[in-house]
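> Predicted model follows, preceded by the sequence.
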Amino acid sequence: MLRMRDLSGGYGPRPVISRISLDIAEGETVALLGANTAGKTTLIRAIVGTLPSVSGVIAFEGRDIVQLPAHRRVALGIACVPEGRHVFGQMSVRDNLMMGAYHRRTEDLGSDLADCFALFPRVRERQAQAAGTLSGGEQQMVAICRALMAGPRLLVLDEPSHGLAPLMVAEVHGAIRKVNARGIGVLLVEQNVSSALKVVDRGYVLESGAIALSGTSRDLQDNDTVRRTYLGI
Amino acid sequence: MMRSLLIIAAVACVALLLGAVLQPRGYAVRVVCLILLAASLGQCWNIVGGLANQVSLGHAAFFGIGAYTSTMLQIKFGLSPWAGLPIGMLFAALVSVLLSIPTMRLKGPYFSLATLAFGEACRIVATAATGLTGGPQGVSVPFAGNSWLLLQFRGAGAYVPVFVGLFVVVCVAFTLLANGRLGYMLRAIRENEDAAEVTGINTLGVRLAGGAISAALTAATGTMFAQFTFFIDPDIVFSATSISIRAALIAILGGVGTLAGPIVGALVIVPLEELLSAYLSNKAAGIAPLIFGLILIGIVVWRPSGLVSLVTQRRGRT
């Protein structure tokens, strides 16, 4: 579904990520792992379309999207939950979700809303409340639902468990599995490596802006470097 | 939305009634006209300043473009201001898009300062370009007697229906924007630009569209102003204090981002201006801007959401 070849890019003349190749198959769940400053968020921004300078190939369902602006990529089916839960704080939860579907020009959003509420019943309870007044975990749920309302084929999540209580992490990761079960591909960026590897099929490990390692989640769990560096075993 | 339209209709009816009842050459009706113009100006500013929270301090640029375009077209080519009006609006929209190229990446005070500088630059250019604008001594709208075709009348009373028309157009435009797709997108950008971008909003396009609409309507207000005062010069229509900052002041005082805000703001500011210039201009000339500055500071400190919030908040509590 997503094919990336020799992708380099950054915020200025100096590249932050270099020559990255990465694939996500139809309906697959893939993790992007790595320490701080490894270039995870930069890579996400390249996929989503908010990185100032990129070169290389990103093909989404066979179509080269490297030059497309962010809002066109959303229309193609790439939805993103940005790092740090950017919800529209003064809008109601319901309006936040509706903003996610704004580009679809369809009146029939009832079933999509119902799907979101089924995923996170908490969001249904809070739908009239201003999104900024929710707890961190609830805001994360809203951000995920907003991305789902765009009707994506690929959902990109940047550190969804960052700063959440362990119980919330489990709930968010559980939701990712359910989303994936609907046939939506997922790219999950995580620092919480052990819990991420339980959710995904495959993973890539990013180090200093390049892919250092890739494999199935089982392979990565057994890999010595991963165990030492990220799992602390 | 129905409530907003009712508010607009009610204010329009009261203004029309006052226009019909008051002495048509009198002072009071002149104040009504000034209030309508001020409310329209504040509402134009409110489209970008309120919905997208981009505090522009350069709206005089568009106001002046509107005033000068229609006036110069009439002087040089004998064109009716009714034709000059849309040309000025188009011109202002174009200028606002060009202005967005350097300013679109700026946020908060940086955006405000850039627009302030742009407004001043327009004033200086208009002063220097004597061939185009008549330069610092200004130009007069040629008077040919009462005429709907040339949009000019002897007494202020005849302008009331015209300005009510402008006021209604600007306010309805704001209401439609605020409740429509563009308004929601502007608000999403105000709340969180990064999130808006990854949510699939064309942030650049939305900002350009909002800015162009605001600029065009401001230009229309400028044309009306020129037809009302019959004389314009760069220091009047491109003024940073009496146009740009006043537009922001009117909206902020009343309530940023609300329909009623600029209306309430104009109802307070214009009579206050008239009182100050009537009673204090002999003893303490130039004290009015100082007082407005103090009012603005007071509002921002004690009531950041404006005078309108005094009513809406109480209703919320009971």
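Looks like it arrived, so ask away. Numbering: from 1, shown residues only, chains lettered A, B, ... in the order given.
> Over to residue B:10. Which of the three states is it?
For residue B:10, the assignment made with DSSP: H, G, I helix; E, B strand; the rest coil gives helix.
> CA atoms only for the helix ranked longest in chain A, dumped as CSV, please.
The residue-count maximum for a helix in chain A (DSSP state H) belongs to helix A:166-181. These are the backbone C-alpha positions of helix A:166-181, laid out as CSV (Å, rounded to 0.1, in the frame of the first residue of the first chain):
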residue,chain,number,x,y,z
PRO,A,166,-0.4,2.5,31.6
LEU,A,167,-4.1,1.7,31.6
MET,A,168,-4.7,4.2,28.8
VAL,A,169,-1.8,2.9,26.8
ALA,A,170,-3.4,-0.6,26.9
GLU,A,171,-6.7,0.9,25.7
VAL,A,172,-5.1,2.9,22.9
HIS,A,173,-3.1,-0.1,21.7
GLY,A,174,-6.1,-2.3,21.9
ALA,A,175,-8.0,0.2,19.7
ILE,A,176,-5.2,0.1,17.2
ARG,A,177,-5.7,-3.7,16.8
LYS,A,178,-9.5,-3.2,16.3
VAL,A,179,-8.8,-0.5,13.7
ASN,A,180,-6.5,-2.8,11.9
ALA,A,181,-9.1,-5.6,12.0
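> now what about it, what contacts it?
For helix A:166-181, the surrounding residues in contact (CB atoms under 8 Å, 6 or more residues apart in numbering or on different chains) are A:27, A:29, A:119-120, A:136-137, A:140-141, A:144, A:148, A:155, A:157, A:160-161, A:164, A:186, A:188, A:192, A:195-196, A:198-199. No exception for glycine: its C-beta is placed from N, CA and C like everyone else's.
> Go through that helix and flag the buried ones.
A:168-169, A:171-173, A:175-176, A:179-180 (16 or more other CB atoms under 10 Å in any protein chain shown).
> before we move on, back to that, which of the contacts of helix A:166-181 are buried?
Judged by 16+ other CB under 10 Å, buried ones among these: A:27, A:29, A:119-120, A:137, A:140-141, A:144, A:148, A:155, A:157, A:160-161, A:164, A:186, A:188, A:192, A:196, A:199.
> chain center to the helix-or-strand element of chain A with minimal mean pLDDT: distance?
Sorting the helices and strands of chain A by mean pLDDT, DSSP states H and E puts helix A:224-226 at the bottom, at a mean of 82. On the basis of CA atoms, centre = their mean, to the nearest Å, helix A:224-226 sits 24 Å off its chain's mean C-alpha point.
> which parts of it are buried?
Under 16+ other CB under 10 Å, the buried positions of helix A:224-226 are residue A:226.
> now swap in stretch A:28-40 and tell me
Buried, per 16+ other CB under 10 Å, within stretch A:28-40: A:28-34, A:38-40.
> need the residues you listed in CSV with distance to chain B, can you?
Shown next, in CSV, are the buried residues of stretch A:28-40 (distance: CB to the nearest CB, whole Å):
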residue, distance to chain B
A:28, 21
A:29, 20
A:30, 19
A:31, 20
A:32, 16
A:33, 21
A:34, 21
A:38, 21
A:39, 18
A:40, 15
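> From those residues, which land in helices?
residue A:40.
> What about the contacts of helix A:166-181, which are in helices?
Short answer: the contacts of helix A:166-181 in helices (DSSP H) are A:119, A:136-137, A:140-141, A:144, A:148, A:195-196, A:198-199.
> what sits against the residue sitting nearest the centre point of chain B?
Note on chain B: the residue nearest the mean C-alpha position is residue B:41, at 1.6 Å, using CA atoms, centre = their mean. Counting by CB under 8 Å, 6+ apart, residue B:41 touches B:59, B:63, B:218, B:221, B:243, B:246-247, B:250, B:262.
> Point out the residues in the stretch 151-300 of chain B that sit beside chain A.
B:181, B:184-185, B:187-188, B:191-192, B:194-203 (CB under 8 Å from any CB of the partner chain).
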